[in-house]
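Q: Quick one, what's the 3D model for this:
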Amino acid sequence: MPAIPEKQAPTPAAGIPLLDRMLAYVFCPVLFLLTCYFLARLGNQLTQGGGSFSFSFWLLALSGGLLVFCTALACWRTAALHAERRAEVHEGGLRRRVHYFEEMLQLVVNNIPNVIFISDKDGRVWFANREAGQVAGKHEDDLVGKTLERIFEVEEAEKFKGSIRRAQKAFAPVITTDKRETTSGPQYFETFHIPLPDTSDLHDTVLVTQKDITNMIIERERQEQTVKQLVDVLIAVIDRRDPYAAGHSLRVGTVAAGLARYLKMDDPMVEACRVAGSLMNLGKIMVPRRILVKTSALDPEELKLVRKSILASADILSLVSFQIPVIATLRQVLERFDGSGVPEGRKGDDILLTARVVAVSNAFIALVSPRAHRAGLSMEEALKSLERDDGAGFDPMLVKALSEHLHKNPGMQKNLIRPAPEIPAIAPEQAS
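A: Below you'll find the model as predicted:
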């Protein structure tokens, strides 16, 4: 931080009131002359030997008193003037420092590439930075005192005022994201509305900052598209590994997303159910292919290996940066509602809702899909089988919701039932 130059001390006569000048230049000299006069008379009397002792004593006392009084008065006024000058210098220094920090604050705020302004509850602007002025097409100083309707378009001003009122009412920050269509394409803005404590000059004011997040949104959409393409590739790998599961992962994801939407879960959680359901069987690439296409029932060890592969899916995908809880969902999808599942023995609502949704969706698709050792069940048979579970493995509320969802969407049935595939003979080198 650069040094602040100090103000030079004022000259002795600078800023001295008229009364002080009269004391300094008239009253004190007169008293001094009177003192000299009385001392001179006293000297003459002593030299000539005339006059009484009493008169000489009082003349000497009066002269001495006047001299002491003049000296004390001069010292007092000198000290007072020096104190006043020091106070003036100190006040001037404080004033310069306040001005310096005001300029520094204005410099910083004006070079932040975000719209920043302070508005009261009536939408009147008390402060605005340069970016706000550029957006409004005016100098930032011209915005002060104006209402938001005179600065921005009416629709945008109403959005600002609505968010400002909400922030004031809750006395908590309100964050909004808006999309605007422009000739160059859509633009996205994130706006913070932060209520400020009252001061002697400002009451019920809110600090508003708005940031252009278009590039961040575009990059996020690009990443989401990349992840979607990766998911599609991995689903294709799963289908090639286990012909009986061809389309199984995709159908689990579809049912899980539909059930999540029926439960009115928010969009990120719906997407988490879809992606986790689509990728939960990725770990089957570690299961020998002879087990996946076995035409008889699996023995306990083989069944354990297949179920363990679902947890392996989470480990394989842990290096992928998902913005939604895909990995956490996959790690809990084998938990059971009664607490008898793996790997942590979670129970009831301690299991993520996304994991419970994917688990019941996977069980339903597994029941209606043909396997090497059995034919697939009808939709009604599969739902009854899940209902007989009676809250042991699956959330009864989700089983009921799945039944309601499927019956309200009968067109889904033909997309869920698949005929058994024809499996070619497995060569010895393909058995593992």
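Q: who touches G253 in this structure?
A: 273-279 (CB atoms under 8 Å, 6 or more residues apart in numbering). (Each C-beta comes from the backbone N, C-alpha and C, glycine too.)
Q: run the last query once more with 10 Å
A: 231, 235, 271, 273-280, 358, 361-362, 365 (CB atoms under 10 Å, 6 or more residues apart in numbering).
Q: do the same with D204
A: D204 touches 119-122, 164-165, 168, 195-196, 198, counting by CB under 10 Å, 6+ apart.
Q: try 6 Å
A: By CB atoms under 6 Å, 6 or more residues apart in numbering, the contact set of D204 is 120-121, 168.
Q: Which ones among the contacts of G253 map onto helices?
A: Residues of the contacts of G253 located in helices (DSSP state H): 231, 235, 271, 273-279, 358, 361-362, 365.
Q: Let me see the contact set for W76.
A: Contacts for W76 (CB under 6 Å, 6+ apart) come out as none.
Q: Count the residues that sit near N111.
A: Using other CB atoms under 10 Å, N111 has 10 other residues around it.
Q: now do the one 10 residues further on
A: Applying other CB under 10 Å, we find 15 other residues in the vicinity of K121.
Q: Which residue is the nearest non-sequential neighbour of it?
A: Spatial nearest neighbour of K121, chain neighbours left out: D204 (4.5 Å); criterion: CB to CB, 6 or more residues apart in numbering.
Q: give me the number of residues near V306?
A: With neighbours defined by other CB under 10 Å, the count for V306 comes to 17.
Q: Just the buried residues of the helix or strand harbouring it, please?
A: Assessed by DSSP states H and E, V306 sits inside helix 300-317. Residues 302, 305-306, 309-314, 316-317 are the ones in helix 300-317 that count as buried (16 or more other CB atoms under 10 Å).
Q: Now distance to I112 and pLDDT too, for these, in CSV please.
A: What follows is the buried residues of helix 300-317, written out as CSV (distance: CB to CB, whole Å; pLDDT from 0 to 100):
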residue, distance to I112, pLDDT
E302, 63, 86
L305, 58, 87
V306, 57, 84
S309, 52, 88
I310, 49, 86
L311, 48, 88
A312, 48, 91
S313, 45, 90
A314, 42, 92
I316, 43, 89
L317, 39, 89
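Q: can you give me how far the longest strand belonging to the chain is from the chain middle?
A: When the chain is parsed with DSSP state E, its longest strand is strand 185-195. Here strand 185-195 is found 12 Å from its chain centre; the criterion is CA atoms, centre = their mean, to the nearest Å.
Q: Average pLDDT for that strand, rounded please.
A: Average pLDDT, strand 185-195: 93.
Q: quick one: the residue lying closest to I291 once chain neighbours are set aside from M286, how far?
A: Spatial nearest neighbour of I291, chain neighbours left out: E302 (5.1 Å); criterion: CB to CB, 6+ apart. Per CB to CB, to the nearest Å, E302 is found 13 Å from M286.
Q: so what sits against both of these two?
A: Shared contacts of E302 and M286 (CB under 6 Å, 6+ apart): none.
Q: Longest helix of this structure, counting residues only.
A: Max-length helix for the chain by DSSP H is helix 53-110.
Q: and that helix, average pLDDT?
A: Computed over helix 53-110, the average pLDDT equals 73.
Q: who does the following helix or strand past it pair up with?
A: Next in sequence after helix 53-110, counting helices and strands by DSSP H and E, comes strand 115-120. Taking DSSP bridges as the criterion, strand 115-120 sits next to strand 125-128 (antiparallel), strand 205-212 (antiparallel) in its sheet.
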